[in-house]
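> could you work out the structure for the sequence below:
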Amino acid sequence: PFPPPPLFLPATTRFSVPIHHRFSSMESKPSCFKIAVRCRPPNIREIDTKQKLIVDVNESAGEVVLNKDKKFYFNKVFNPSAVQADFYRESAMPLVEDLLQGISGSFLSYGQTGSGKTYGIQGVCDQREARGILSRATEDIFNRVASDSSRTYTVRVSYFEIYLEQIFDLLSDDEPKGRSKLRVKVDPEQGAFIKDLSEHTVTHPQHCLQLISKGWKKRTIRATMMSAISSRAHTAISLSVESCCKQGGSKQTGKLTLYDLAGSERTCGRMAGATCEELKEAMNINQSLSALGNCIRAAADNAEAGERGGKPRFVPYRDSVLTHLLKGSLVGGNTMMVFHVSPAEYSGDETLSTLRYADRAQKIGAPGKPRAEAVPEPVQPPLAQNAIDPTAQAATLPTNNLIGPPDAALSADSLNLPIQDDSDRARPGATATGSVPVAASAETQPAINANTARDNSRLIGRGSGDGGCEEDTSNWAEEGDASW
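Numbering: from 1, shown residues only. Down below sits the predicted model:
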């Protein structure tokens with residue numbers, strides 16, 4: 001009762017938009033994955049040993065120069081003289097503003113051991129100018145809570161660490177050290193989360209800082225050559241804000257997670273004389289950071305492939321607990337990642353590695369190209385007096401559409417089908433079983449219409465599913481056409 005499926009597009013129909021732009025999911029909006037680089041000032045030991053400073057930072061140009069010959073460019077850089085207030089305002093404050101609007105986000109602090117990662121997040125709480133992101137963020141959150149009388153707010157905090165690929169709740173009352181192992185679960189709506197992680201309601205900034213101080217004492221730390229209190233685990237602080245309109249309006253929930261990643265450490269040279277436990281910790285940290293690097297590299301490649309219309313590669317998020325939790329943050333999330341570097345010469349290799357890491361990571365945040373718009377067909381030049389008009393020939397073909405992508409438009413000439421000298425099929429207007437008659441003019445173009453009618457009868461007979469397909473199939477087999 002229904003006509004056969006359409007198989008042809010008119011020969012005049014063309015698509016000027018590349019296929020990877022038509023089917024790509026990349027939009028013209030900018031990415032939410034942002035990159036920044038911060039160089040700390042020289043510490044007391046570097047000043048006493050008169051270490052040479054090899055990192056130059058130009059904030060206005062977004063330039064970081066290493067050893068005066070290696071240049072890197074980023075959207076945002078912080079020189080050694082940058083104060084904590086400026087660092088918070090430029091890097092983390094936009095995430096806090098989104099949090100109060102119910103938009104979740106992540107802040108990642110990455111760098112070598114002793115490069116200032118923990119100082120950027122925690123700072124020195126009893127010195128107002130040296131306060132870190134956590135103290136300033138909680139103050140801004142509760143200032144908003146106090147000033148907004150139209151909504152009720154609930155603020156919760158959680159604190160955990162990833163040590164040797166195991167998750168421990170630092171705010172748990174379990175002893176010793178809150179060693180209750182937790183597991184990562186995946187929810188279709190909220191993504192990866194930590195099951196049974198405790199959340200504590202806080203009512204003012206000092207209450208929040210007191211809880212964090214409690215968990216701070218349970219962290220896994222160890223003295224290294226780079227830092228006397230180096231963290232041997234990745235730690236994360238989550239601030240959750242839930243708000244609801246007092247008059248029964250909408251409910252908003254957002255979460256901001258501050259990740260203080262453990263610093264990379266070489267397992268040779270500087271680790272000479274280390275115990276077995278210290279070597280195990282260093283290897284696990286490097287393995288976890290390597291997994292993060294692989295995910296960033298794959299995500300950056302996919303961002304570039306999306307612009308070219310290439311095939312995306314697999315991103316190994318499940319290679320480590322850290323990358324499993326960060327799956328929603330690296331791609332499509334509201335994320336700021338700050339890379340911390342040391343200016344001293346003896347840290348030159350780690351600084352170069354970190355800058356290359358950051359340069360690769362910022363490709364994830366490259367905005368996608370806007371969708372291409374279809375452009376009109378170029379005007380065909382006028383035909384000679386005795387030339388054959390291709391549009392007139394196309395008008396004799398069935399004006400049906402192809403099944404499949406638009407770029408799969410087929411024509412009889414492009415199929416390279418073999419030509420037979422069968423006089424019946426060469427006769428203008430001849431039709432095969434199940435095919436559509438092809439109009440032709442034997443006086444003007446007998447040979448062209450003969451080939452067109454023969455090739456169309458083969459294709460339409462093949463798609464219509466009637467007896468005509470069997471006859472044509474046998475002829476194809478005899479001709480040795482393997483393209484079908």
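
> what is the top helix by length along the chain packed up against?
For the chain, the helix with the greatest residue count under DSSP state H is helix 276-308. In this structure, helix 276-308 makes packing contacts with helix 321-325, helix 327-330, helix 348-361, judged by 3 or more CB pairs under 8 Å, 6 or more residues apart in numbering; DSSP states H and E. Just so you know, the C-beta spots here come from the backbone N, C-alpha and C atoms, and that holds for glycine as well.

> weakest of the ones you listed by average pLDDT?
Ranked by mean pLDDT, the helices and strands packed on helix 276-308 bottom out at helix 327-330, with a mean of 86.

> kindly reformat the helices and strands packed on helix 276-308 as TSV containing distance to Gly120 and mean neighbour count.
Below are the helices and strands packed on helix 276-308 laid out as TSV (distance: least, CB to CB, whole Å; neighbours: other CB atoms under 10 Å):
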stretch	distance to Gly120	mean neighbour count
helix 321-325	18	22
helix 327-330	18	20
helix 348-361	14	19
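
> relative to Lys251, which of those is closest?
Proximity to Lys251 (CB to CB) singles out helix 327-330 among the helices and strands packed on helix 276-308, at 20.9 Å.

> list the contacts for Lys70?
Neighbouring residues of Lys70 by CB atoms under 8 Å, 6 or more residues apart in numbering: Leu352, Leu355.

> partners of it in the sheet?
Beta bridges link Lys70 to Leu66, judged by DSSP bridges.

> check what pLDDT it gets.
pLDDT for Lys70: 94.

> any idea how far it is from Ala298?
Taking CB to CB, to the nearest Å as the measure, Lys70 and Ala298 are separated by 25 Å.

> kindly report the same for Arg131.
37 Å.

> please report phi then psi for Tyr88.
phi -70, psi -40 (degrees, to the nearest 10).

> low-confidence ranges, the stretch 51-200 of the chain, go.
For the stretch 51-200 of the chain, the stretches flagged by pLDDT under 70 are 175-180.

> could you pull out the strands for it?
Assigned by DSSP state E, counting those that start in this stretch, the stretch 51-200 of the chain shows strands spanning 55-58, 63-66, 70-73, 77-78, 105-111, 151-163, 166-169, 181-182, 184-187, 191-194, 200-202.

> using TSV, lay out these together with distance to Met93.
Formatted as TSV, the strands of the stretch 51-200 of the chain follow (distance: least, CB to CB, whole Å):
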stretch	distance to Met93
strand 55-58	21
strand 63-66	22
strand 70-73	23
strand 77-78	14
strand 105-111	11
strand 151-163	17
strand 166-169	28
strand 181-182	30
strand 184-187	29
strand 191-194	25
strand 200-202	20
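
> ok, which of these comes nearest Cys39?
Here strand 55-58 is closest among the strands of the stretch 51-200 of the chain (CB to CB), at 5.2 Å.
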